[in-house]
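Asks: Okay, here's the prediction I keep looking at, along with the sequence it came from:
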Amino acid sequence: MDIVIRPVQTEEYEELGEITARAYLDDGLLDFGESDSYLGELRDVAKRAAAAEVLVAEERGRLLGGVTFVPDGGPMADIAGPGEAEIRMLAVDRAGRGRGAGEALVRACVERARALGCERMVLSTQASMHAAHRIYERLGFVRTPERDWNPVPHLDDLTLLTYELTL
């Protein structure tokens with residue numbers, strides 16, 4: 001398996017947006033399905049790429065997934081503060097799962113954060129994202145329940161779990 005991690009190219013924005021949206025939809029991670037307002041954010045790779053670094057995992061010319069790397073509490077950050085980098089919107093196409101693409105994307109983010117001199121890498125995840133939790137924990141991330149938060153306060157059951165990795 002030869003998975004390459006690299007920055008997304010402009011002509012791949014639509015494809016990566018669909019991979020990301022499909023991953024969240026197919027895994028039942030959006031409360032309102034196709035009408036969920038967050039779906040537009042997931043599909044809008046151009047917006048993410050303008051404010052952060054969007055990376056893709058590619059194997060033999062085929063996109064397997066992507067992630068948004070937010071350096072040093074940048075404008076796309078949900079929870080990162082000064083000295084922290086954040087991982088957002090990690091998604092791997094269903095057909096590409098179980099092959100190391102997700103872990104390779106997370107490792108690339110960690111390497112970038114270290115190179116920038118960040119103190120910590122942080123992220124938010126849904127409680128049902130068990131495969132992602134296994135990746136984070138395998139790479140040394142630890143739960144930070146004191147940072148858990150709810151992006152949609154009127155939905156009590158949407159508390160996001162947080163993790164951090166001290167760099």
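Replies: Perfect, thanks for sending it.

Asks: Helices along the chain, start to end?
Replies: Per DSSP state H, the chain carries helices over the ranges 13-26, 38-43, 45-51, 101-115, 130-138.

Asks: Can you add mean neighbour count, distance to Glu164 and mean pLDDT and give the ones you listed back as a markdown table?
Replies: All C-beta spots, glycine's among them, are computed from the backbone N, C-alpha and C. Shown next, in a markdown table, are the helices of the chain (neighbours: other CB atoms under 10 Å; distance: least, CB to CB, whole Å; pLDDT from 0 to 100):
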| stretch | mean neighbour count | distance to Glu164 | mean pLDDT |
| --- | --- | --- | --- |
| helix 13-26 | 19 | 23 | 92 |
| helix 38-43 | 17 | 23 | 86 |
| helix 45-51 | 17 | 21 | 96 |
| helix 101-115 | 20 | 11 | 97 |
| helix 130-138 | 15 | 10 | 93 |
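
Asks: In CSV: those, plus distance to Val92.
Replies: As requested, the helices of the chain are exported to CSV (distance: least, CB to CB, whole Å):
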stretch, distance to Val92
helix 13-26, 6
helix 38-43, 13
helix 45-51, 15
helix 101-115, 5
helix 130-138, 9
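
Asks: between those helices, which one is nearest to Asp2?
Replies: Proximity to Asp2, assessed across the helices of the chain by CB to CB, is greatest for helix 101-115 (10.7 Å).

Asks: so how far is that closest one from its chain's centroid?
Replies: Distance of helix 101-115 from the chain centroid (CA atoms, centre = their mean, to the nearest Å) equals 11 Å.

Asks: counting contacts, what elements does that helix pack onto?
Replies: With contacts taken as 3 or more CB pairs under 8 Å, 6 or more residues apart in numbering; DSSP states H and E, helix 101-115 sits against strand 3-7, strand 53-59, strand 62-70, strand 84-92, strand 120-125, helix 130-138.

Asks: Listing partners with orientation, what would you give for the first one?
Replies: Here strand 3-7 has these sheet partners by DSSP bridges: strand 53-59 (antiparallel).

Asks: what does the strand it pairs with rub up against?
Replies: Contacting residues not belonging to strand 53-59 are listed as 1-8, 12, 16, 45, 48, 63-71, 92, 96, 99, 101-102, 104-105, 108-109, 112 [CB atoms under 8 Å, 6 or more residues apart in numbering].
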